[in-house]
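Asks: One predicted model, sequence on top.
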Amino acid sequence: MNSAVLRTPLHAAHVRAGGKMVEFAGYEMPVQYAGIIAETKAVREHVGMFDVSHMARLTFTGPHTLEFLEWITTNDVSKLVDRTGQYSLLPNPDGGCVDDIIVYRISGEEFRMVVNAANHAKDVTWIRSRNTFEVAIEDTTDRTSMIAVQGPQALATLSALSPDGAALAAAPAFGVVETTFGGVGCFAARSGYTGEDGFELICANADAERLWDALLAAGVAPCGLGSRDALRVEAGLPLYGHELGDTMSPIAAGLGWVVSKTKSFIGSEPIQAAREQGTPTKLQGVRLDSKRLPMIGMKVFVEGREVGEVSSGVFSPTLECGIAFAFLASDVAQGTPCGLEIRGKLEPGTVVNKRFLKKPKSA
């Protein structure tokens, strides 16, 4: 392992739990514990947790914070009320994306942002360079830890550890509750990267192992990067560098729903043009007829015509087949039979909605 690789405050806990450690986004992180299939099923059927402390956390304060965030992000920050959040993008002037992010409003003059680990330094530099609004920007990543608790039993499990179970249950998607779990003070946001209900918990580094151990004792399965990737592809969730990038339109990625149609922001003109005129390719799902593993860059064919290539691919433990995201020619419709070129042969599959699993909404 590279000596320059960072470790989260939960590193020792991962080693104790038998986590297989790998380098990811500059950190030594667990790729799996019991195995990708077992961990994916734990999250889909019960409850699992992920150390996501490598993701960066920023705090913005000042009287012009809302105005600043409206300018540097695509979604309508003005629609947020206190203790709510939204998925959004950091756009660039050319209509591509610096990163995809989550923005939380704490009050009218305080907001928080979570950004991708691999883009941490780039994002902070980008944001600071656009700060002509005299907003105070604080990077709290190094002194806080973050654990994602995900699955159909996440709410019940966390409520049993907290005195504020009713507030947790009432929180909307991306809603924020500040409470304790097993005596550990946390910023708890109802969000995640799995397609399941759950919360992302942010606490002080000194309390991270105590929180992790309390969750373990409550029956939450530790899960690694491998299952997290399988879960996010099953749920149709993009990964920066694969479905989003500096030269990739969020419209082509199917993310027009997080792009405001009314406000002006960095890159709003080329993004709106892409929305109006369409894009040459669009992100689709490909479901194979077999358990073969789709790999990034594999070509997709329809009736002998190359129509695109894979941007992410996994074996789906839930669907028990290979599934992939692929940027395909915009005239390729869902339901179209296709072939994925694997070692010189076409593996049969079907173009489908990229949300491979659609969970029924809670009553």
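Replies: Alright, I've got the coordinates. Residues are numbered from 1 along each chain as shown.

Asks: which sections of the stretch 1-150 of the chain are below the confidence cut-off?
Replies: Counting by pLDDT under 70, the low-confidence segments of the stretch 1-150 of the chain come to 1-3.

Asks: residue ranges of the helices in it, please?
Replies: Here the stretch 1-150 of the chain has its helices, by DSSP state H, counting those that start in this stretch, at 11-16, 36-45, 65-72, 120-129.

Asks: For the closest residue to Gln153 other than its chain neighbours, give me phi and psi.
Replies: Once flanking residues are discounted, Gln153 sits nearest to Val47: 4.0 Å by C-beta to C-beta, 6 or more residues apart in numbering. (Each C-beta comes from the backbone N, C-alpha and C, glycine too.) Note on Val47: backbone dihedrals following degrees, to the nearest 10 are phi -160, psi 140.

Asks: Now for Val47, how many residues are close by?
Replies: Val47 has 25 neighbours, counted by other C-beta atoms under 10 Å.

Asks: who's in contact with it?
Replies: Counting by C-beta atoms under 8 Å, 6 or more residues apart in numbering, Val47 makes contact with Val149, Gln150, Gly151, Pro152, Gln153, Ala154, Thr157, Gly198, Gly219, Val220, Ala221.

Asks: Could you identify the most distant pair in those?
Replies: Gly198 and Gly219 (14.6 Å; C-beta to C-beta).

Asks: Comparing those two, which shows the higher neighbour count?
Replies: Gly198 (27 against 12).

Asks: separation between the closest residue in space to Gly192 that isn't next to it in sequence and Lys358?
Replies: Sequence neighbours aside, Gly198 is the residue nearest to Gly192 in space, at 4.3 Å (criterion: C-beta to C-beta, 6+ apart). Here Gly198 is placed at a distance of 17 Å from Lys358 (C-beta to C-beta, to the nearest Å).

Asks: for Glu234, same thing?
Replies: Look at Glu234 and Lys358: by C-beta to C-beta, they are 10 Å apart.

Asks: part of a strand, is Ala206?
Replies: No. Per DSSP: H, G, I helix; E, B strand; the rest coil, Ala206 lies outside any strand segment and is helix.

Asks: number of nearby residues for it?
Replies: Residues near Ala206, counting by other C-beta under 10 Å: 11.

Asks: do Arg112 as well
Replies: Arg112, neighbours per other C-beta under 10 Å, totals 21.

Asks: just Tyr87 next, same as before
Replies: Counted by other C-beta under 10 Å, the residues lying close to Tyr87 total 17.

Asks: can you tell me which residues contact it?
Replies: Going by C-beta under 8 Å, 6+ apart, Tyr87 touches Asn75, Asp100, Ile101, Ile102, Phe174, Val258.

Asks: go again using 6 Å as the cut-off
Replies: Residues near Tyr87 by C-beta atoms under 6 Å, 6 or more residues apart in numbering: Ile102, Val258.

Asks: returning to what we had before: of the contacts of Val47, just say which sits nearest to Gly245.
Replies: Nearest to Gly245 among those, with distances taken as C-beta to C-beta, is Gln150, at 25.9 Å.

Asks: Would you agree that closest one is in contact with Gly192?
Replies: Yes. Using C-beta atoms under 6 Å, Gln150 makes contact with Gly192 at a distance of 4.8 Å.

Asks: More neighbours: those two, which one.
Replies: The residue with more neighbours, out of Gln150 and Gly192, is Gln150; 28 against 25, by other C-beta under 10 Å.

Asks: Report the contact partners of that one.
Replies: Gln150 sits next to Val43, Gly48, Gly192, Thr194, Glu196, Gly198 when contact means C-beta under 6 Å, 6+ apart.

Asks: can you do 10 Å?
Replies: 42-44, 47-50, 191-200, 220, 223, 227-228, 231 (C-beta atoms under 10 Å, 6 or more residues apart in numbering).

Asks: how close does the residue nearest to Gln153 get to Cys223?
Replies: 10 Å.

Asks: Mind listing the shared neighbours of the two?
Replies: Common neighbours of Val47 and Cys223, using C-beta under 10 Å, 6+ apart, are Gln150, Gly151.

Asks: Give me the buried subset of the contacts of Val47.
Replies: Among those, those classed as buried by 16 or more other C-beta atoms under 10 Å are Val149, Gln150, Gly151, Pro152, Gln153, Ala154, Thr157, Gly198, Val220, Ala221.

Asks: Ramachandran coordinates for Met298?
Replies: According to degrees, to the nearest 10, Met298 has phi -60, psi 140.

Asks: now swap in the one 5 residues further on and tell me
Replies: Geometry field for Glu303 lists phi and psi as phi 50, psi 50, criterion degrees, to the nearest 10.

Asks: count of neighbours near it?
Replies: By other C-beta under 10 Å, 9 other residues sit near Glu303.

Asks: do the same with the one 10 residues further on
Replies: A count of nearby residues for Gly313, using other C-beta under 10 Å, gives 24.
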